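Student: sequence-free structure coming up:
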């Protein structure tokens with residue numbers, strides 16, 4: 001999947017900064033356990049394929065990154081914006097073989113320019129190791145009528161094969177970018193605020209509604225106390241039809257209150273002012289995303305044997321020959337309990353955004369967690385608004401053979417018993433009992449959850465009959481580090497030493513360790529991930545696989561600095577040369593001036 005993070009948003013004159021760090025990583029092998037998705041036709045609990053299955057992503061994985069730029073001033077007076085595309089790390093990059101990328105950037109020039117009336121405004125230079133691995137272009141270029149502002153995007157495309165990755169950086173020198181937002185257009189906009197005490201079920205609309213306060217505010221500044229725009233009517237747009245919304249003036253001057261606004265689906269509202277102007281505003285809806293949690297694990301009295309540990313190591317992607325040393329042990333899981341809980345999150349850009357605040361989703365979730373029949377009736381129109389349907393499937397993680405699962409019965413010596421127990425409604429509680437065996441078993445529990453409002457979602461919970469454990473979470477998180485090094489094929493001493501956090505002030509050079517010392521950053525991230533995984537005093541084979549993948553990043557090569565100037569080569573525009581010598585005093589070092597094409 002592609003990942004892009006903003007490392008720095010401004011450039012000070014005479015300094016080198018990484019504006020954007022861009023990462024493309026292929027993780028299309030997320031479902032690759034043997035036997036996970038075949039042989040369903042004879043299994044009565046699951047359709048073919050199961051509802052939670054998704055196909056593998058096809059290769060190559062292709063992404064386009066866009067670097068925004070803005071240039072202020074007449075073209076004849078502007079110093080060209082100079083950008084350099086650097087390559088931090090690459091594995092299985094196939095951009096040059098991707099026909100789509102070659103059509104976007106058919107030439108092989110290392111320098112691309114954006115010109116206006118023959119005047120170069122943006123110059124993009126590809127470092128030698130990048131050229132051919134990245135397609136470069138310009139997108140959505142626009143200017144104002146006075147020819148004093150030009151903006152758009154530098155488009156960077158790359159493709160990787162299965163398991164590949166590509167890490168890029170965009171670097172600038174000596175050019176201060178004006179990233180201030182453009183002047184807001186004149187006019188008004190509508191501000192909405194939910195009334196937290198008004199969420200309820202509407203029999204007339206058949207859905208959850210809430211009341212909203214709103215005011216019409218001039219752009220570029222708020223209104224004075226006691227003043228505000230006059231509103232004639234409010235509508236909600238549904239199937240391109242306007243449906244009137246009841247509203248009234250609120251106690252606070254300039255504010256209004258609209259009633260019975262549906263809150264689950266994305267909504268478009270129109271406020272018509274007395275002046276005849278219509279203002280359209282969007283209200284994001286909610287996502288229905290149940291989750292499974294509150295794990296309660298019961299262990300057997302005796303630890304498992306060495307063969308089970310070998311199976312765990314192999315299932316996690318490591319060599320089965322690596323031994324397990326104290327304080328770690330393989331614990332047998334006899335019982336695993338968990339619960340599925342309905343949950344609503346705000347919606348942003350068509351995706352679930354649990355990090356956003358929403359008084360409405362908070363009100364719904366509080367009623368669900370409290371399980372009050374009166375609250376559920378008020379909000380959903382019924383005291384039992386949710387229906388759960390559970391399906392189960394278990395496999396031997398080594399052989400891929402199916403392991404029988406029985407429902408609400410006494411199991412045989414080799415069968416798993418899954419029991420659905422009524423809990424504090426509307427939560428659904430599951431109890432899983434594993435048979436006595438040294439086989440490594442992986443159980444998929446899939447809950448299809450629906451509400452009375454027409455929403456439907458699925459929860460997939462994976463549990464194991466063996467996990468790694470220790471006397472305490474601290475012993476587990478510390479003890480797993482040497483084992484991670486062995487499973488990842490690393491030097492135990494070097495890896496464990498690198499995971500130890502430095503004292504404040506010890507770090508030198510660039511502030512981001514992923515840039516100056518990727519192995520050191522990977523080791524520290526592995527330590528943090530181990531602590532998070534061991535918080536419940538167990539590490540499952542799935543968690544172990546993720547920890548091994550993190551530890552393997554420790555093998556990334558150390559970034560070179562050929563001229564030993566403290567600026568590593570991949571962001572040093574003049575590696576091996578004097579970065580400070582500026583003979584003509586134009587703000588650019590001689591090493592860059594020598595590389596500039598002559599003429600317009």
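Tutor: Arrived safely. Everything quoted here is computed from the prediction, not taken from an experiment.
Student: Which residue is the nearest non-sequential neighbour of residue 328?
Tutor: Using Cβ to Cβ, 6 or more residues apart in numbering and skipping the chain neighbours, the partner closest in space to residue 328 is residue 479 (4.9 Å). C-betas here are computed from N, CA, C, even on glycine.
Student: I'd assumed that neighbour was in a helix, is it?
Tutor: Yes. Residue 479: assigned to a helix according to DSSP: H, G, I helix; E, B strand; the rest coil.
Student: Could you pull out the helices in the stretch 401-550 of the chain for me?
Tutor: 473-487, 492-499, 513-516, 518-533, 541-552 (DSSP state H, counting those that start in this stretch).
Student: quick one: low-confidence parts of the stretch 201-350 of the chain?
Tutor: 219-229 (pLDDT under 70).
Student: Quick one: mean pLDDT over stretch 490-498.
Tutor: The average pLDDT for stretch 490-498 rounds to 90.
Student: sorry, back to before: would you turn the helices of the stretch 401-550 of the chain into CSV with mean neighbour count and distance to residue 207?
Tutor: Below are the helices of the stretch 401-550 of the chain laid out as CSV (neighbours: other Cβ atoms under 10 Å; distance: least, Cβ to Cβ, whole Å):
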stretch, mean neighbour count, distance to residue 207
helix 473-487, 21, 44
helix 492-499, 16, 51
helix 513-516, 20, 46
helix 518-533, 20, 38
helix 541-552, 20, 38
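Student: Give me the below-cutoff pLDDT ranges for the stretch 451-600 of the chain.
Tutor: Applying pLDDT under 70 to the stretch 451-600 of the chain picks out residues 502-517, 556-561, 564-573, 578-582, 585-590, 592-600.
Student: Could you rerun that using 90?
Tutor: Within the stretch 451-600 of the chain, the ranges that satisfy pLDDT under 90 run 497-525, 550, 552-600.
Student: before we move on, back to that, please name the residues that touch the residue nearest to residue 328.
Tutor: 325-328, 470 (Cβ atoms under 8 Å, 6 or more residues apart in numbering).
Student: quick one: which of those residues has the most company?
Tutor: Taking other Cβ atoms under 10 Å as the neighbour criterion, residue 470 ranks highest of these with 21 neighbours.
Student: From residue 434, how far out is it?
Tutor: 21 Å (Cβ to Cβ, to the nearest Å).
Student: for residue 135, same thing?
Tutor: For residue 135, the distance to residue 434 - Cβ to Cβ - is 52 Å.
Student: Please apply the same query to residue 342.
Tutor: 27 Å.
Student: cool, and residue 158?
Tutor: Note on residue 158: its distance to residue 434, by Cβ to Cβ, is 45 Å.
Student: who has more neighbours, the two?
Tutor: residue 158 (29 against 25).
Student: so what's that one up against?
Tutor: 24, 62-63, 65, 93, 95, 101, 133-135, 166, 168.
Student: how about it, secondary structure?
Tutor: strand.
Student: For it, give its distance to residue 576.
Tutor: 26 Å.
Student: Ok, residue 124 next?
Tutor: 22 Å.
Student: same deal with residue 407?
Tutor: 69 Å.
Student: Dig out what residue 66 forms beta bridges with.
Tutor: When assigned by DSSP bridges, residue 66 has beta-bridge partners residue 155.
Student: Tally up the residues packed near it, please.
Tutor: Here the number of neighbours of residue 66 (other Cβ under 10 Å) works out to 17.
Student: which residues does it contact?
Tutor: Contacts of residue 66 (Cβ under 8 Å, 6+ apart): 139, 153-156.
Student: just the helices in the stretch 1-150 of the chain please.
Tutor: Going by DSSP H, counting those that start in this stretch, the stretch 1-150 of the chain shows helices at 99-104.
Student: Just the strands from it, written as ranges.
Tutor: 2-6, 16-25, 61-72, 81-93, 111-116, 119-126, 135-143, 149-173 (DSSP state E, counting those that start in this stretch).
Student: ok, the fourth one: who's next to it in the sheet?
Tutor: Translated: strand 81-93. strand 119-126 (parallel), strand 149-173 (antiparallel).
Student: Tell me which residues are up against the first one.
Tutor: When contacts are defined by Cβ under 8 Å, 6+ apart, strand 119-126 is touched by residues 69, 71, 75-76, 78, 80-85, 110-115, 134, 136, 138, 150, 154, 595-596, 600.
Student: what do you get for stretch 358-372?
Tutor: Residues outside stretch 358-372 that contact it (Cβ under 8 Å, 6+ apart): 194, 196, 199, 208, 210, 263, 286, 341-346, 375-376, 378-379, 424-427.
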